[in-house]
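Chemist: Sequence first, predicted coordinates after that:
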Amino acid sequence: MTTDSPIHDPGIIDVEVLSDRGARYGLVIAAPAAGDPASQRRLLDKLEAYVGHCYSPAYSSRYGKPTPETCTITVAIHPDSDPLLFELLERSRSWVEENHIAFKIRTDVFDITWQ
């Protein structure tokens, strides 16, 4: 199924930076995203997939269990996206952090250095 949604395929990690100190993942929404129920579901599905990846055998074999020092998810969201998506991300923060993953939300989509 194809979609014009700026929230890309939930099964694909948009940005992955691996180092000997840990992994950083970026979920990128580079164009304004709507706050309709389908977009909210897509964003939650994508975020859930990122958290799941942090508990995958591939991650575990390299880094062990995730900690905020070794695993970060950064959501880079276009600043003109629907406020409902920002609220959804803030409500998701505690769930991500309870999974021992650092969580950042940024609106400077085109100025992020993924290092």
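Modeler: Sure thing, it's come through.

Chemist: Leu88: what's it in contact with?
Modeler: Going by Cβ atoms under 8 Å, 6 or more residues apart in numbering, Leu88 touches 40, 43-44. Yep, even glycine has a C-beta here, placed from its N, CA and C like the rest.

Chemist: If you rank those residues by neighbours, which is first?
Modeler: Of all the contacts of Leu88, the highest neighbour tally under other Cβ atoms under 10 Å goes to Leu43, namely 25 neighbours.

Chemist: Can you get me a residue count around the residue nearest to Asp45 when sequence neighbours are not counted?
Modeler: Spatial nearest neighbour of Asp45, chain neighbours left out: Pro10 (4.0 Å); criterion: Cβ to Cβ, 6 or more residues apart in numbering. Residues near Pro10, counting by other Cβ under 10 Å, number 17.

Chemist: just checking, Pro10 touches Arg41?
Modeler: No: using Cβ atoms under 8 Å as the test, Pro10 is too far from Arg41 to be in contact (9.1 Å).

Chemist: after the lengthiest helix in the chain comes which helix or strand?
Modeler: Counting residues, the longest helix in the chain under DSSP state H turns out to be helix 37-54. Next helix or strand after helix 37-54 toward the C-terminus (DSSP states H and E): helix 57-63.

Chemist: tell me the mean pLDDT for that next one?
Modeler: Regarding helix 57-63, the rounded mean pLDDT is 95.

Chemist: Downstream of that helix, the next helix or strand is which one?
Modeler: Per DSSP H and E, helix 57-63 leads on to strand 71-77 as the next helix or strand towards the C-terminus.

Chemist: For Thr74, give me its contacts.
Modeler: By Cβ under 8 Å, 6+ apart, Thr74 lies in contact with 24-27, 103-106, 112.

Chemist: same deal with Ala30?
Modeler: Per Cβ under 8 Å, 6+ apart, neighbours of Ala30: 6, 76, 78, 109-110.

Chemist: which SS class is the residue nearest the centre of the chain?
Modeler: Nearest to the mean C-alpha position of the chain, by Cα atoms, centre = their mean, lies Leu27 at 3.8 Å. Assigned state for Leu27: strand (three-state reduction, DSSP: H, G, I helix; E, B strand; the rest coil).
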